[in-house]
Each structure stands twice: as C-alpha cells, then as structure tokens.
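# sequence and predicted structure below; questions after.
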Amino acid sequence: MDSRAALDTTIAVVTPENIAFDYQLAGPCRRLPAYLIDCGVRWGVIILVMIALTFAGILSSAGGYSSFYLAAGFILYFLISWFYGTVLETYFNGRTVGKWACGIRAIDTEGRPISGKRALLRNLLRIADMFPLVTLSTFFVEAPNILFIPTGMIGLLTMMSTSRMQRLGDLAAGTMVIVDERGWRLPVAKVDDPRVPALASFFPGDYRVSRSMAKTLAIYAERRHYLTPARRREIARHLAIPLIDRFDFRPDVDPDLLMYALYYQVFLSDSSGEVADLGPLAGFSPLRRDQNKPRGLMGDSTNPISTAAHGSKPNSTPRAGGNMPATAAMGKTVVAQQRSEATSQTSDKNIGTVQPRTTRQEE
Amino acid sequence: MNVSKLLEKRRVQWSELERLCDAMEIRGRTEKTGFKHHQGAEGIARFSTLYRAACADLALADAYQLPPGTVTYLHRLVARAHNQLYRADKFESQLWSTVLFETAPQQIFSDPCVRVATIVFFGLFALSMFLGLNDGVFPGFADRIVGTETLSQMEEGFAKPIEGSLDHYVSMSGHYIQHNTGIGLRCFAYGILLIPCLVTLAFNAIALGTMFGYMARPDAVGGDNFFEFVTAHGPFELTAIALAAAAGLRIGVGLFHTDGLARTESIRVNALKAVPVMASSALLFTLAAITEGFISPSPLPYLVKAIWSVLSSGLISFYFVVLGFPREVLASSPAALAGDQPDGT
C-alpha cells in the first residue's frame, strides 16, 4: 500500500477524494494506558450494574424475583465483559472510552472507518493477544493459584514485528490503531522584529526561491525559536553566505536575520511592491557598496543588523545575548572563519566583533 | 499571491471545518443537520464542501509552497474530517441473514477445522463420560479429573427438584450461560494460537463429559434433575462451543497454511472466513441461552423438554447438512442426487 518506506511511524492513507494524507500509528505505549482505562471503565460499569441489581433484588425480594436479578446479573456481566469494546468501537467510530482519553482510534488498514464485523473480530481476539496468563503462583510458590494476570506478550510481539503495529486481533480484522490528536493549531508565523522587513526590502523583486529553499526557510523559521542565537547563526551561515555574495550584502550581516528576512520576503510580505515602513531604520543600507556612505538617521552608531548588534536586541534569547555578543557569533566552519578574517580587514567596525573570538581561541 | 494571504483566506474555511468536526465529534452531527434544515442536507453539504476544499489544499500544498507546519496541520485536519465523513458502518441486518443462512452452513460443511474441533470436543466428551460413568472399572476417575469438591457442589446444586424451585434454577441458568458462552469465546480467541485453543477445548470437553458421566451414575444425588435441566439446551450449547473453537482454529490454521499468501494476509483472509462460522456459533449460543433461561429451569414436564431437545438437534442437522450441502455439487448433478432417493424418478 505505502510505496515509500517511512522511517517513522506514519502511514499514508489514500482517501476516495484521491488525496494521500498521513496518519501517525499508535504504538504499545499509547495503547496500554487506553486498555487499562477501558478495563477500569468496564469494571466500573459492571460494579454499578451489580449494585443496581442487588438493590432491585432486595427491594423485590418479597415478590420472589430476586433470583431473576441474579440471573440477569450473570448475563449482563457476560455481555459487558465480552462486548464492551465491540459496541463502543462500532457506535463511536472506532473509539472506546480509553481510546478517546488517549487520543487514539481504530481504523481499517485502508484508512476507512472500522465496521461492526471488524470491531467484533479484533475485540474477541483480544484475549489471545493477552496470552500467556500468569498467576501469582508463577512467582511465589506458596501463593494460591488465583488471579490470572494477562501478560500481553503475544500482542506485544506481533505489534513489534508488523509494519503497522498491529496485534493479532488487528491482523485478523485488518485494522490498525492511529493517533487522532486533539488540540492542534494552525501555526501562524509572525515577524515582530522591525529589522526583518527592512532587510527583506533589499532582496531584488525578481528573486524567486526554489521549492526546496522555501521548505528549508519555513522549517528554519519554525525551529529558530528553540535555538540559541549562536546556534541560529551557525545553521543559517551555510545558506546565508552564498546569498550575501550573490546580492552583494555587507559581509557582517547577521546570517540568522538574513534567513529570517528571506522567509518574510517569501511567505509573508506583500508582493505588490509597497515599501515597508522602515521607521528608524530608513536610509540604512545593508549593501556592501553603501558601506562607506553616511547612514542617515542611524549616524555612526553600530550597524543594526550586524551579528554584534543582534545579540543585544530585546527580542533575542537573553541567555546568549547581552554581554558577550561576539562569542555567540563564533563560527565553527572554515568558511566562516575565512569570512571573519576577511571582514576584519575590510570593515573597521567589525574588528571589535571578531576580536573576542580570537582571544578566546588563544585561551 | 503570497503564502500569508493565501493562508489568511483559507484559514477561515479550515477553522469552520474544525468547528464542524468538533460538533460532529461531540454531538454526532452538525448544528444544521436537524429536521429544521431540510433534513440535514445543509450541514452535511457544507461539511463535505469544506472537506473537499481542504483535500484540494492538501493536494496543492506543495505547489503553493506551504510551510511544513501548515502541511502537518492540513494532514491532521483532513484526517479528522475524513474520520467524521466516513463513519463506522453498523451491522447490516440483511447482510447478516445471508451470512447466517447461506455462507455459514456451507462453510461449516466444507471446513476441515469444524471436523477436527467436533471430533476433539465430542470425542473426548463421550470418552470421559464413559470413564466417569463406570466407577467400577475406572475407580476415582471423576474425582481426580473434576475434583471431589466440585462434584459434591454440583450434586448439591441439583439436589432440589426443578419443579417448585424456580428461584434456584433461574440463577443457575444465568451462571451457566455466562460460563459456557465464555468457554466458547475463549476457544475462538485462542484459536489463533492453535495450541491453547485445543487445550481449552479438550479440557472443557473432558470436564463436562466427566460431570455428565458422574451425574449419570445411578447413585448420584440429583442426577435426574441434572439431566432434566441440561436436556433442553444441551444440543445448542455443546455444538456452539465446538463451532466457536472451529472458527478460532480456522484463523490459527491460516497462520501456518498460507496458500501462497503473505502470512498476515493469510490470517486476514482466514479470519474473514471464520466470521460466518463464529456468527452461527453466536446464533446457537443465543438460542441456547434463550432455552436455558426460559425452558430448562421451568416446571414444564420432561416430555416437552425432551421434544425440544430432539427438535433442536434436528434443526442443527438440517442447518448443517441441508443448508450446508455444497451448492455446486447440487447444480452439477441434480439427476444423480435425485436417483439416490428411494422414491425419486
């Protein structure tokens, strides 16, 4: 069915609309709690029924019907303990109480919902999956030969050895259990750094990123919140350096900021060409050729988009920013080192940012 | 158009679809699927429109260069809506009557697993009944197999005559329905592992047979009551146990005898084959339970119960042999079959 061999536990399902979407399979660690919850619920219901029948039996004992309640109790106990899963899965779309609580669902292997026949098969065969049973006397010789505990080894072994993590009951019924999560949100990326639109406006209007580049940018923008500024720069540098060369940016442009700006340009900005509101950054140019020109409002203050300045910006992670911005800019790749050395020759401003790196290396 | 504009536009519909999914998950329907809204057409139509739109978005996600996070979101949204649109189908009554009265008997007639299970169950049952009965020849057999305690409990249970102690026997029926049907279902489930099924089946055949043999001894207390109690439902219940085990064995055999299929596929094919057998076993269990609940403990004369027993055995034979006789044999040589009958010309 699935032509591509997935390395993770997802499985592709083709719908009648001819769309392939991914399901995440539920493994033993998700299914065991669901089973335990189901056991609890089942026994809770059985105990409630028994209590109700006992009361009914006591109340009607004068009429001599108490034994009928006892018989009804036996039959209800039998029905609940054997058909609890079947009925719930059939009428609640592949979910029992435990499955609902754990956010999983049983569906058939084609991705269609489970049918009554399949639900019956997989639930009746559960006790084979729970095999072998052990008793207390397996562990303690003196213990009485009671309290059968299902170990579930058969089910666990078959789950581990099938690609769709099916137990025997699932194999026989042609079903699988998938994660059916609630509480997911559409991730919306917002750029609140004013330097980003400013920098983005310097990309040529006719520049189109490739598909893989767009994907990379999106993943980078999603993940960068989890990384320290140093790590961001280290990762971004690989793509940023060719871009700096291509568009002739100043070499000390922060690679992270550059990637973020490109992300903004590709995914968020208006292509209608309206000029972004640059605010205090108006007049500043990141381009190499403008490097020695007067910088308007910014005057001779530090370069707002260089790696050094970026670390002290309020929206960056405080852990690596602040006092030692330049150490955060330390690169590991050879290219980066060469770049830094070149920078120190061409740009006076940047000597201060490079210097701590070299001193630190000497240490 | 850039991606954020596109997302802004599509998000409205996606969140509407999410809200409809919420409603369907909680209440089983959307707000507008009531009678007020032209019998639910509006809500369902809206839901399916939105679902198809989301499907299209997912299909074009790559072309739109949607961010991976959004694609993941779309996968989940489509999966969720898919689960609500294509819901579990319930048991269809018409289909099941075909399964019960056409597929199942023919399956039973031709399935070697049924023969094996029947021979194991009834063979051991008869053998241990014989051994348990002849205490002179095989002394202490019954006590060793079932246990003296259980036997005396059983004698105690059946000491009262059935007539006049309805209370006592009704509760006993409840217990036996629960117990014996449980045996059947366990045999079915263990069938996929073959050995545990055969062990459970053989164990219960021997235990039941020994009890029958013991109660048939002339000196057993309450032997008459015992046989009066079990006569009516015996044929249904014992056959049902054997059939359940046969259905289970069918799945288990599929694990080894794959017929050239992949092993998992073979299990599935054989499990689907086992379903009709299991269904007829469930039917027999239900009939046995009804009999056990209403006829066995009732103060009806023994003759009625005996007639019921004969009738039920006849019905089972009719079901297995007449309904189960291979149709292709009948179709290919009707004349040959007609010639076998004494008055056929």
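In hand now; what should we look at?

# make it CA atoms for all contacts and neighbour counts henceforth
Will do.

# with adjacent residues omitted, what lies nearest to B:Ala126?
B:Gly209 (6.2 Å; CA to CA, 6 or more residues apart in numbering or on different chains).

# apologies, that question was intended for B:Tyr302.
B:Tyr302 sits nearest to B:Glu228 (CA to CA, 6+ apart), 6.4 Å away.

# repeat that for B:Ala202.
Among residues not flanking B:Ala202 along the chain, B:Phe121 sits closest, at 6.1 Å (CA to CA, 6+ apart).

# now A:Phe148
A:Thr135 (4.8 Å).

# cool, A:Tyr35 as well?
A:Gly98 is the one closest to A:Tyr35 (CA to CA, 6+ apart), at 6.2 Å.

# what about that neighbour, how many neighbours?
Applying other CA atoms under 10 Å in any protein chain shown, we find 22 residues neighbouring A:Gly98.

# mind checking the longest helix of chain A?
helix A:28-59 (DSSP state H).

# give the contact list for the residue in the stretch 151-300 of chain A positioned nearest to chain B.
In the stretch 151-300 of chain A, the residue that lies nearest chain B is A:Ala172 (4.4 Å; CA to the nearest CA). Shown in contact with A:Ala172 (CA atoms under 8 Å, 6 or more residues apart in numbering or on different chains): A:Leu121, A:Arg122, B:Ile251, B:Thr264, B:Ile267, B:Arg268, B:Val269, B:Asn270, B:Ala271, B:Leu272.

# got CSV for these, with pLDDT and neighbour count too?
CSV is the format used below for these (pLDDT from 0 to 100; neighbours: other CA atoms under 10 Å in any protein chain shown):
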residue, pLDDT, neighbour count
A:Leu121, 85, 25
A:Arg122, 88, 26
B:Ile251, 89, 30
B:Thr264, 83, 18
B:Ile267, 86, 28
B:Arg268, 84, 23
B:Val269, 87, 20
B:Asn270, 89, 24
B:Ala271, 86, 29
B:Leu272, 83, 20
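
# ok, back up a step: from B:Val146, how far out is the residue nearest to A:Phe148?
Distance, A:Thr135 to B:Val146, using CA to CA, to the nearest Å: 20 Å.

# remind me which residues of chain B are low pLDDT?
Within chain B, the segments meeting pLDDT under 70 span B:1-2, B:26-40, B:87-94, B:164, B:330, B:333-345.

# over to the stretch 251-363 of chain A?
Ranges of the stretch 251-363 of chain A meeting pLDDT under 70: A:269-286, A:288-363.

# if you set the cut-off to 80 instead, what comes out?
Applying pLDDT under 80 to the stretch 251-363 of chain A picks out residues A:251-252, A:266-363.

# same question for the stretch 101-250 of chain A.
Regions of the stretch 101-250 of chain A meeting the criterion pLDDT under 80 cover residues A:111-112, A:131-149, A:180-194, A:197-198, A:201, A:204-206, A:208-209, A:211, A:222.

# follow-up on the earlier one: downstream of the helix or strand containing the residue nearest to B:Tyr302, the next helix or strand is which one?
Assigned by DSSP states H and E, B:Glu228 belongs to helix B:223-256. Next helix or strand after helix B:223-256 toward the C-terminus (DSSP H and E): helix B:263-294.

# so how far is that following helix from its chain's centroid?
3 Å (CA atoms, centre = their mean, to the nearest Å).

# buried residues in that helix?
Under the neighbour-count criterion of 16 or more other CA atoms under 10 Å in any protein chain shown, helix B:263-294 has B:263-282, B:284-289, B:291-293 buried.
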